[in-house]
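[1] model the following, please.
(4 chains)
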Number of protein chains: 2
Amino acid sequence: MSRRSKQRDETRERIVEAAAETFAERGFRGASTREIAQRARVNQGLITYHFRSKDDLWRAAADRIFGMLRTQLRDGLRGLESRDPRERSRQGIRAYVRFAAAHPELFRLMVEEGKSSDERMCWLVDTHLKALFDGFRGFGGSGLDPALVPHAYYVLAGAASLIFAVAPECRRLTGLDPESNSAVERHAELVARLLVP
Amino acid sequence: MSRRSKQRDETRERIVEAAAETFAERGFRGASTREIAQRARVNQGLITYHFRSKDDLWRAAADRIFGMLRTQLRDGLRGLESRDPRERSRQGIRAYVRFAAAHPELFRLMVEEGKSSDERMCWLVDTHLKALFDGFRGFGGSGLDPALVPHAYYVLAGAASLIFAVAPECRRLTGLDPESNSAVERHAELVARLLVP
DNA sequence: CTTTTGACTTGTCAACTGAATAAATTGAGC
DNA sequence: GCTCAATTTATTCAGTTGACAAGTCAAAAG
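    Residues are numbered from 1 along each chain as shown, chains lettered A, B, ... in the order given. Below you'll find the model as predicted:
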């Protein structure tokens, strides 16, 4: 790859990363392309250059987050096929908690977009969430009352992620820094034990 | 109370209710006084008349939500002093889930404001959340490792509320309407059993 | 070495948004 | 019927919005 197109990809990546954070924090409407550009230390005009519109940029940002989630979940479950299925479930939950801690944008974006039923929400569900939900269904849903599967899914997502999504609030409210390594592991263990007793 | 000031209070109430919903959905920045006025079926000028500024209105909206939460939690726990403490905890959790279902604004607002550490978040923590957290500490925190109390608090909040906060998404993703009576009760039971085995 | 190409910058624009308020209107209560 | 609070209408004006056209510059191609 030429030096130029390497630079190009680095820039695009910086923009998408900044976009993911900003959209997650402020919502689609509340995020401005200018703020995204500033965070990415990039000129505002570049955004329209690389991504045709704010809408396209949003989709690229969502793709990025869910791509990372897929990767990390796959890695976290590698080589566990032979173990006790309950322990395997716990391991999956721990991997998910660790991801939620490292990337609070995922949860923020989900809440931000899941609230209203507009076009973006539909795209998100059809493009990324359906696959994720089906994965959960096959993963931990076996042996569970089918009527409880949706409930369990949202219980897990909420229990695992909220504390990291509102980290500033958590610090002020409880004095605990949820982003510290020990807190992440404590949280992972608690959620895993509660959901798979 | 005269007919006039009754009308006045009704109007104020309508505005605050619409404001709570709008702030919860769009965030402080993303919510416009125009949209709030439209939702409340009220003229935009009235907002500045009744509440001095957008900031004051936001605080009134937060007061409303947390006031309702306090009331409902108190009512949900009335007359249970003599029972088994574990069942009492479960009853409290069920009451909280029912509130989260009836008022998804609470969770949406918490996530919306907890993300960044600005003045509003501090006000929210100091004015409302500290009391709530202390209540939780005394309520379910007894017999729990003190280091786990913050984690348990956010696990409960997330597990109980997320499914209702993203109800549109849940409907499209799973086909389940989380706002139906049966779903609310199923969720309450699941969360209560998981957190207090 | 020159030309071309493509990443990036600058400047600008029209549309729209924001909160706030001043002036006009209404109608209940004295 | 007069008064004044509640409400509406109309307007202000500053700031922001996404988008884009024209220009810059350096790396690659020939």
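[2] what helix or strand does the nearest residue to residue A:31 once chain neighbours are set aside sit in?
    Ranked by Cβ to Cβ, 6 or more residues apart in numbering or on different chains and with sequence neighbours excluded, the top spatial neighbour of residue A:31 is residue A:22, at 4.4 Å. Quick note: C-beta positions are derived from backbone N, CA and C, even for glycine. Residue A:22 belongs to helix A:3-30 when elements are defined using DSSP states H and E.
[3] need the mean per-residue confidence for the following helix or strand past that helix.
    Going down the chain from helix A:3-30, the next helix or strand is helix A:33-39, by DSSP H and E. Over the span of helix A:33-39, the pLDDT mean works out to 95.
[4] host element of the spatially most central residue of chain A?
    Nearest residue to the geometric centre of chain A (Cα atoms, centre = their mean): residue A:106, 2.4 Å. When secondary structure is defined by DSSP H and E, residue A:106 falls within helix A:105-114.
[5] what's near enough to touch the residue nearest to residue A:121 when sequence neighbours are not counted?
    Leaving aside its chain neighbours, residue A:121 sits nearest to residue A:113 (5.0 Å; criterion: Cβ to Cβ, 6+ apart). By Cβ atoms under 8 Å, 6 or more residues apart in numbering or on different chains, the contact list for residue A:113 reads A:28, A:120, A:121, A:124, B:169.
[6] filter the residues you listed down to the buried ones.
    Among the contacts of residue A:113, those classed as buried by 16 or more other Cβ atoms under 10 Å in any protein chain shown are A:28, A:120, A:121, A:124, B:169.
[7] ok, and which of these reach DNA strand D?
    Checked against DNA strand D using Cβ under 7 Å from any atom of the strand, the buried ones among the contacts of residue A:113 yield no neighbours at all.
[8] closest one of these to DNA strand C?
    Of all the buried ones among the contacts of residue A:113, residue A:28 has the smallest distance to DNA strand C: 13.5 Å, by Cβ to the nearest atom of the strand.
[9] quick check: the closest one touching residue A:109?
    No: between residue A:28 and residue A:109 there is no contact under Cβ atoms under 8 Å: 9.4 Å.
[10] identify all contacting residues around stretch A:115-126.
    Contacts for stretch A:115-126 (Cβ under 8 Å, 6+ apart): A:28, A:58-59, A:62, A:110, A:113-114, B:24-25, B:108, B:165-166, B:168-169, B:171-173.
[11] re earlier: surely the residue nearest to residue A:31 and residue A:36 touch.
    Yes: counting by Cβ under 8 Å, residue A:22 does reach residue A:36; the two are 4.9 Å apart.
[12] residue ranges of the helices in chain A, please?
    Residue ranges of the helices in chain A, as given by DSSP state H, are A:3-30, A:33-39, A:44-50, A:54-77, A:85-102, A:105-114, A:119-124, A:130-140, A:149-165, A:167-174, A:181-195.
[13] is any residue of the third one near DNA strand D?
    Yes: applying Cβ under 7 Å from any atom of the strand, one finds that helix A:44-50 is in contact with DNA strand D at A:44, A:45, A:48.
[14] tell me the buried residues in that helix?
    Within helix A:44-50, judged by 16+ other Cβ under 10 Å, the buried ones are A:46, A:47, A:50.
[15] now, which of these sits nearest DNA strand D?
    residue A:47 (7.3 Å).
[16] what's the closest non-adjacent residue to the closest one?
    residue A:33 (4.9 Å).
[17] any idea how many residues pack against the one you found?
    19 (other Cβ atoms under 10 Å in any protein chain shown).
[18] ok, residue A:2 - contacts?
    By Cβ under 8 Å, 6+ apart, residue A:2 lies in contact with nothing.
[19] was I right to think the residue nearest to the centre of chain A contacts residue A:65?
    Yes: at 5.2 Å, residue A:106 counts as touching residue A:65 under the criterion of Cβ under 8 Å.
[20] and for the two, which residues touch both?
    Joint contacts of residue A:106 and residue A:65 (Cβ under 8 Å, 6+ apart) do not exist.
[21] ok, now how distant is the residue nearest to the centre of chain A from residue A:119?
    20 Å (Cβ to Cβ, to the nearest Å).
[22] likewise residue A:10?
    Residue A:10 is 31 Å from residue A:119, by Cβ to Cβ.
[23] near DNA strand C, which residues of chain A? Just list them.
    A:4-5, A:7-8, A:11-12, A:42-46, A:49-50.
[24] so who does the closest residue to residue A:60 other than its chain neighbours touch?
    Distances taken as Cβ to Cβ, 6+ apart put residue A:16 closest to residue A:60, at 5.1 Å, once the chain neighbours are dropped. By Cβ under 8 Å, 6+ apart, the residues touching residue A:16 are A:57, A:60, A:61, A:64.
[25] how about 6 Å then?
    A:60, A:61, A:64 (Cβ atoms under 6 Å, 6 or more residues apart in numbering or on different chains).
[26] low pLDDT regions in chain A?
    For chain A, residues meeting the criterion pLDDT under 70 lie at A:1, A:4, A:80-82, A:141-142.
[27] for stretch A:88-100, list the C-alpha coordinates in PDB.
    Extracted in PDB, the C-alpha atoms of stretch A:88-100 (Å, rounded to 0.1, in the frame of the first residue of the first chain):
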ATOM      1  CA  ARG A  88     -18.600 -21.100  28.900                       C
ATOM      2  CA  SER A  89     -21.600 -18.800  29.300                       C
ATOM      3  CA  ARG A  90     -19.900 -17.000  32.100                       C
ATOM      4  CA  GLN A  91     -16.800 -16.600  30.000                       C
ATOM      5  CA  GLY A  92     -18.900 -15.000  27.300                       C
ATOM      6  CA  ILE A  93     -20.500 -12.600  29.700                       C
ATOM      7  CA  ARG A  94     -17.100 -11.600  31.100                       C
ATOM      8  CA  ALA A  95     -15.800 -10.900  27.600                       C
ATOM      9  CA  TYR A  96     -18.900  -8.800  26.900                       C
ATOM     10  CA  VAL A  97     -18.400  -6.800  30.100                       C
ATOM     11  CA  ARG A  98     -14.800  -6.100  29.300                       C
ATOM     12  CA  PHE A  99     -15.800  -4.800  25.900                       C
ATOM     13  CA  ALA A 100     -18.500  -2.600  27.400                       C
END
